[in-house]
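A.B. asks: all I have is the shape, not the residue letters:
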């Protein structure tokens, strides 16, 4: 299991992340962390606000895309950056979580959306590996 | 992966991937490129993505790629796919998240030389007055009923509020309001994201540039467009902001169910689609047209802010500070248009994802002033080189569903660009070339560096030689504002 939780993958126009996790819960949390680290500097950011997220989807890949797009929506309308992700319940078709963050605008990049392109969650050594392509 | 040996050379500037290349292709795929640009296309997965679009139900003719082709998500960027109306499909991925991302070109009656002493002040004032950047709000605040009007009336809503003139509307694709838009098809989440972003530029590759016309290739057409050598111009590149992103997000998600319902088999989930005559397809079209109208209203408001800033800075200092719109084009959109297919006028849904409409002379959709010569096509380059004004052709009507390229097209990933180029160094280099730069983020500036893009001159030469549009004028940047 690599020590890092996510890595940026080369893509001509957009951005792709490979996300590692011991469990699916970690995949969801690390993917969210990867997303916000593309958008802003997360160091020294202390979480002061929290939001509840409840989602349902037909399969776990759609659920991952919905989760990231839900966070992008909250980020834009609430002007918040999230850094801590507590996944309370997770199945292939439903998720409940509490996310923590701070009032802050993105400073590095606008991510338009998480896409279904090349989307994959698969079992890997010591856990799971997910690939997500973002439109930026 | 598509290999060179899979390609058939049709002309010096056109190559074909035959239908037999993959079993699920419904039509062949064709790419407009010269040898060098073709090499670039092999370096990423753009050709594989082009082949994927050739599998869409109802696709007509060819899945087409313009010379600025590069890898996207789902559809390739620089792609054109026309499907039969109404039995074929419409795909939100064939339009993209920034619905009606597009370009507007404004011209002055003055020579750039007369304004050069004021360029620094002008770009500084534009940077202050035009909201831009990552996560920027600061736009016009819309009430729910105003939002519905923006979605259904587009740029004409903005003109009615005093942002610009009726003459502007004549010179916008679709006159700034696409028919078939319905506010009810746009989710409340999309409206929430868009309610205070109208009149904002955004970030990424969006920009506002002050430019000079440095070369005119066809005098008669340039005359009709109002262009002359040495002229001052302004180019605005922006789209439908968070509202458009949410519309695409909503429908890419909801159509995941539709493809199951209509038994559509796809090689990539991002290509999800629905028949144009299904409730799902009709709803997406109505929402996409609404987002497109929001984008035209946005560029109308940005135009107004630009004109206002020119007046603020230049009034009393030069003899004329007025700017007029030449044209405004969409390069991420799906349109219902008619073409001759097998000798019959046929209605098609033309998806242009990183491609520009290029209607030839005589088309009834064109404003009267341009009808005799053809549609102005605006092709922005990267910030260190040049942009072009082209004119649409009859040949494009016959071979590329009235479409041509949309820009230079990326060759370097954002990650690689940031690794190779430093934003502050790039800014100093551009300023040494006489191009003033205002940017919200230095890493963001590095991602958009000229080295990250293909050679715009080569891209434009290919479409010119292939007959998809002809060169009319070349513009060089004097000052660039990036979000």
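C.D. replies: Thanks, I have it. Since this is a predicted model, take the numbers as computed values, not measurements. Residues are numbered from 1 along each chain as shown, chains lettered A, B, ... in the order given.
A.B. asks: residues touching the residue positioned nearest the centre of chain A, list them.
C.D. replies: Centroid-nearest residue in chain A, with C-alpha atoms, centre = their mean: residue A:32, separated by 2.0 Å. Neighbour list for residue A:32: A:67, A:68, A:71, A:82, A:85, A:99 [criterion: C-beta atoms under 8 Å, 6 or more residues apart in numbering or on different chains]. The C-beta positions use only the backbone N, C-alpha and C, and glycine is treated the same way.
A.B. asks: and the end-to-end length of stretch B:374-382?
C.D. replies: Length of stretch B:374-382, first residue to last, C-alpha to C-alpha, to the nearest Å: 25 Å.
A.B. asks: what is the mean pLDDT for the host helix or strand of the residue nearest to the centre of chain A?
C.D. replies: Under the criterion of DSSP states H and E, residue A:32 resides in helix A:24-39. Per-residue pLDDT over helix A:24-39 has a mean of 96.
A.B. asks: what packs against whichever helix or strand comes after it?
C.D. replies: Sequence order places strand A:49-56 as the next helix or strand after helix A:24-39, per DSSP H and E. Packed against strand A:49-56 by the contact rule (3 or more C-beta pairs under 8 Å, 6 or more residues apart in numbering or on different chains; DSSP states H and E) you find helix A:60-78, strand A:80-90, strand A:94-103.
A.B. asks: which residues touch strand A:49-56?
C.D. replies: Strand A:49-56 is contacted from outside by A:63, A:66-67, A:70-71, A:74, A:78, A:80, A:82, A:93-103, using C-beta under 8 Å, 6+ apart.
A.B. asks: so which of these reach chain B?
C.D. replies: residue A:66 (C-beta under 8 Å from any C-beta of the partner chain).
A.B. asks: sec struct for residue B:287, please.
C.D. replies: Of the three states, residue B:287 takes helix under DSSP: H, G, I helix; E, B strand; the rest coil.
A.B. asks: next one: the one 3 residues further on
C.D. replies: For residue B:290, the secondary structure call by three-state DSSP comes out as helix.
A.B. asks: which stretches of the stretch 1-150 of chain B have low pLDDT?
C.D. replies: Within the stretch 1-150 of chain B, the stretches with pLDDT under 70 are B:135-137.
A.B. asks: show me which residues of it sit near chain A.
C.D. replies: For the stretch 1-150 of chain B, the residues found near chain A under the criterion C-beta under 8 Å from any C-beta are B:44, B:46, B:70-74, B:77, B:93, B:96-98, B:134-137.
A.B. asks: same thing but at 7 Å, please
C.D. replies: B:44, B:70, B:71, B:72, B:73, B:74, B:77, B:97, B:98, B:134, B:135 (C-beta under 7 Å from any C-beta of the partner chain).
A.B. asks: what values do phi and psi take at the first one?
C.D. replies: Geometry field for residue B:44 lists phi and psi as phi -130, psi -160, criterion degrees, to the nearest 10.
A.B. asks: same question for the second one.
C.D. replies: Recorded main-chain torsions at residue B:70 are phi -150, psi 170, according to degrees, to the nearest 10.
A.B. asks: just to revisit the earlier point, make CSV from the contacts of residue A:32 and add neighbour count, distance to residue B:287 and pLDDT to it.
C.D. replies: What follows is those, written out as CSV (neighbours: other C-beta atoms under 10 Å in any protein chain shown; distance: C-beta to C-beta, whole Å; pLDDT from 0 to 100):
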residue, neighbour count, distance to residue B:287, pLDDT
A:67, 25, 23, 98
A:68, 24, 21, 98
A:71, 25, 22, 98
A:82, 27, 28, 97
A:85, 22, 30, 97
A:99, 25, 28, 98
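A.B. asks: nearest spatial neighbour of residue A:90, skipping sequence neighbours?
C.D. replies: Nearest residue to residue A:90 in three dimensions, chain neighbours excluded: residue A:25, at 5.4 Å (C-beta to C-beta, 6 or more residues apart in numbering or on different chains).
A.B. asks: surely residue B:277 meets residue B:86?
C.D. replies: Yes: using C-beta atoms under 7 Å, residue B:277 is in contact with residue B:86, at 3.7 Å.
A.B. asks: of those two, who's got more company?
C.D. replies: Of the pair residue B:277 and residue B:86, residue B:86 is the one with more neighbours under other C-beta atoms under 10 Å in any protein chain shown, namely 17 against 12.
A.B. asks: could you report the separation of the more buried one from residue A:21?
C.D. replies: Distance, residue B:86 to residue A:21, using C-beta to C-beta, to the nearest Å: 45 Å.
A.B. asks: where does chain A have low pLDDT?
C.D. replies: Within chain A, the stretches with pLDDT under 70 are A:1-4, A:13.
A.B. asks: of all the residues in it, which ones are close to chain B?
C.D. replies: So chain A meets chain B at A:8, A:10-15, A:58, A:62, A:66, A:69, A:73, A:76-77, A:79, A:105-110, A:112-113, A:115-117, A:119, A:133, A:135-136 (C-beta under 7 Å from any C-beta).
A.B. asks: among those residues, which are in strands?
C.D. replies: A:8, A:15, A:113, A:133, A:135 (DSSP state E).
A.B. asks: which one of those is nearest residue B:26?
C.D. replies: residue A:133 (24.9 Å; C-beta to C-beta).
A.B. asks: and residue B:481, what helix or strand is that in?
C.D. replies: If you go by DSSP H and E, residue B:481 is part of strand B:470-482.
A.B. asks: tell me the residue furthest from the middle of chain B?
C.D. replies: Distance from the C-alpha centroid of chain B, by C-alpha atoms, centre = their mean, peaks at residue B:316 (35.5 Å).
A.B. asks: tell me the contacts of the spatially closest residue to residue B:319 that is not a sequence neighbour?
C.D. replies: Closest residue in space to residue B:319, ignoring its immediate chain neighbours: residue B:110 at 7.2 Å, by C-beta to C-beta, 6+ apart. Going by C-beta atoms under 7 Å, 6 or more residues apart in numbering or on different chains, residue B:110 touches B:232, B:318, B:320.
A.B. asks: got the phi/psi numbers for residue B:110?
C.D. replies: Torsion angles, degrees, to the nearest 10, at residue B:110: phi -100, psi 160.
A.B. asks: what do you get for residue B:108?
C.D. replies: When read as degrees, to the nearest 10, the backbone of residue B:108 gives phi -110, psi 160.
A.B. asks: surely it touches residue B:323?
C.D. replies: Yes: Residue B:108 is within contact range of residue B:323, at 5.6 Å (criterion: C-beta under 7 Å).
A.B. asks: check the gap between the residue nearest the centre of chain B and residue B:255 for me.
C.D. replies: The residue lying closest to the centre of chain B (C-alpha atoms, centre = their mean) is residue B:331, at 2.6 Å. Going from residue B:331 to residue B:255 by C-beta to C-beta gives 22 Å.
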